[in-house]
Structures are given as C-alpha cells and as structure tokens.
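Novice: test case, fold it:
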Amino acid sequence: MTDLYAIRKKLLKEQRQLLVHKFFKNRLAVTGGTITFVMLFLALLAPVLAPQGPLDMIVTDRLLAPSAAHPFGTDTFGRDVFTRILYGARVSMAIGFFVGLITMAAGMLLGLLASYFKLLDEILMRICDGLNAIPSTLLAIAFMSALGGSITNVIVSLSIVSIPRMARIARSAAVVVKGQTYIEAVSAAGASPLHIIFRHMAPNILSPVIVQASYVFANAIITEAALSFLGVGVPVPQPSWGNILYEGKDVIYNAWWMIVYPAVFTALTVFGLNLFGDGLRDLLDPHTS
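Specialist: You can find the predicted model right below:
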C-alpha cells in the first residue's frame, strides 16, 4: 500500500511538472497570462502607485494635458486620469472576475443536472435558448434598468446573461462523460445520481468550463464598460473604465486622453484574457502536444 501511494504521488508530481513545462512552451498562454498579471498587479497596487485619490478634485487643474505631474492628464473636474484608471481597473476587473466565477459555478451546475436528468434538460435548455436569443447587451441593459445602478447589480446582470452559454458548454461536455463506461459501472454499483454527478462527472468537465470562464471574464469587462458608457452600469463618481469613457465623450476633441488611455487599458486587458483563454484551451486539450 505504501509503495502504491508513493508511485501515485510521484505520478502526480510528474504530471504537474509536465503541465507547467507545457504552459511555458505555449506562447499564447504566457503572453496572455503576463498581460493579465500586469493589469492585476496595477489594480492591486493602485493605492501605492496612484499620485492622489480617485475622487480628489482640483478644479484649477481641469483638463490638463499629460505631463510629469499628471501622466495621463486630468478630467473635467481636475481629477488625475491615471489614478482613476488604476482604481477603475480594480472595479472593472473585480466585476469580470466575479461574473466569471458565478457563471462558471452556476453554468456548470445547470449543465450537469441537464445532462443527467432528461426532464430538467428540456426545461433548462429551453430557458437557456430563450435567453441566448436576446442580444446580451440589450438583456443586460434591461436587467440594469430593473435592478438599478450598482456594482453588485452589474455583477448579477452580467452573470445572468452569461450563464446560458456556459450551461450549454457544460452540458455538452457532461453528455460525453455520461456515456463513458466507468459512469455506467458506477451507476450499476448503486451510486446515487448526485454522487455520480459531483464526484465523477464534474471533475471531468472542468477543462472546457475553465476555458470558457476566461472568455466570460473578458466579455464582462467589455460589457461593463458598454453599460457604464451608456449610463446604466457602475454609478458615477465610482471609477471604472466605462465611466471614464462616458465622462470623456463630451470633451473628446479637447481632452483626447480621457478616451484613449482607458480604451487602451480595456483593450489590452481583454486581449490578454483572450490570449490566456486560447492558451488554456490548447494546454488543457488532451489532443494537443
């Protein structure tokens, strides 16, 4: 028994080492992961890196062009744009992270239940089809109009919008797993449906679900920026990349920096997350070398 345990431990260690080696050989994963890490680093260190508070106003310094004192210039209220972008990264990336986490958990649960129980499959998948038929941004706007503007409501709205697609992907992967011989053997041995679903099926559909969650993370950042730009997302004066863009649209010809810099940060973050998702897909796909 001790020898078997030692062999199993050695195999797990070798698998982890192989996975790490494969990760660093994957340029997409490394590039995307680096960009994402840098953005997370900037967001977490916002209080240290920012020259002033995100709500501090110096009216005499309004609409100053980028300079040594204000690297990204100032806005219409004399607030430092660099500071607001750093603090906005905290809000936008936190929204994206929690939307991805909630979507992954809820979508995986619904997909697993739908794959195992035929009645639930018909009910849940028809609901998902109905929600998928509505453009996601319009649906998010409708939820925000009903719930009101707040960070929590943005997370709830974007999660509801994202869950149907995640549930579809989880269900497709779970149906394949359910057809495997070992699932039939466990069922024949008398295991309960919930034991089969959560102990044997759930771990084997994590790969596509995690990859999809990285795309949901990126899409949530874009959609939050769109909602805030339209005035139905994160309420002002709370900084988010969408809010900074919203405030800059009226002075775009006089203060280009209020549009360009938050747009660049948003685009870079989404680009990094998408690259990281593509790298994860290649990394976790057993058919890739």
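
Novice: can you tell me how far the nearest residue to residue 46 once chain neighbours are set aside sits from residue 44?
Specialist: With CB to CB, 6 or more residues apart in numbering as the criterion, residue 46 has its nearest non-adjacent residue at 3.9 Å, and that residue is residue 86. Where you see a C-beta, it was placed from the backbone N, CA and C, and this is true even at glycine. Residue 86 is 10 Å from residue 44, where distance means CB to CB, to the nearest Å.

Novice: any buried residues in whatever helix or strand the residue nearest to residue 46 lives in, and which?
Specialist: Secondary structure from DSSP states H and E places residue 86 in helix 81-116. The neighbour-count check on helix 81-116 (16 or more other CB atoms under 10 Å) flags 81-93, 95-100, 102-104, 106-116 as buried.

Novice: how far off centre is that helix?
Specialist: Taking CA atoms, centre = their mean, to the nearest Å, one finds the center of helix 81-116 at 4 Å from the center of the full chain.

Novice: so what does it touch, helix or strand wise?
Specialist: Under the contact criterion of 3 or more CB pairs under 8 Å, 6 or more residues apart in numbering; DSSP states H and E, helix 81-116 touches helix 27-44, helix 46-49, helix 118-132, helix 151-178, helix 206-229, helix 241-248, helix 257-284.

Novice: possible to save the ones you listed as JSON lines with mean neighbour count?
Specialist: Formatted as JSON lines, these follow (neighbours: other CB atoms under 10 Å):
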{"stretch": "helix 27-44", "mean neighbour count": "17"}
{"stretch": "helix 46-49", "mean neighbour count": "12"}
{"stretch": "helix 118-132", "mean neighbour count": "14"}
{"stretch": "helix 151-178", "mean neighbour count": "22"}
{"stretch": "helix 206-229", "mean neighbour count": "23"}
{"stretch": "helix 241-248", "mean neighbour count": "25"}
{"stretch": "helix 257-284", "mean neighbour count": "20"}
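
Novice: okay if I get these as CSV plus mean pLDDT and distance to residue 58?
Specialist: Converted to CSV, the helices and strands packed on helix 81-116 look like this (pLDDT from 0 to 100; distance: least, CB to CB, whole Å):
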stretch, mean pLDDT, distance to residue 58
helix 27-44, 89, 23
helix 46-49, 89, 19
helix 118-132, 88, 46
helix 151-178, 92, 26
helix 206-229, 90, 24
helix 241-248, 89, 16
helix 257-284, 88, 16
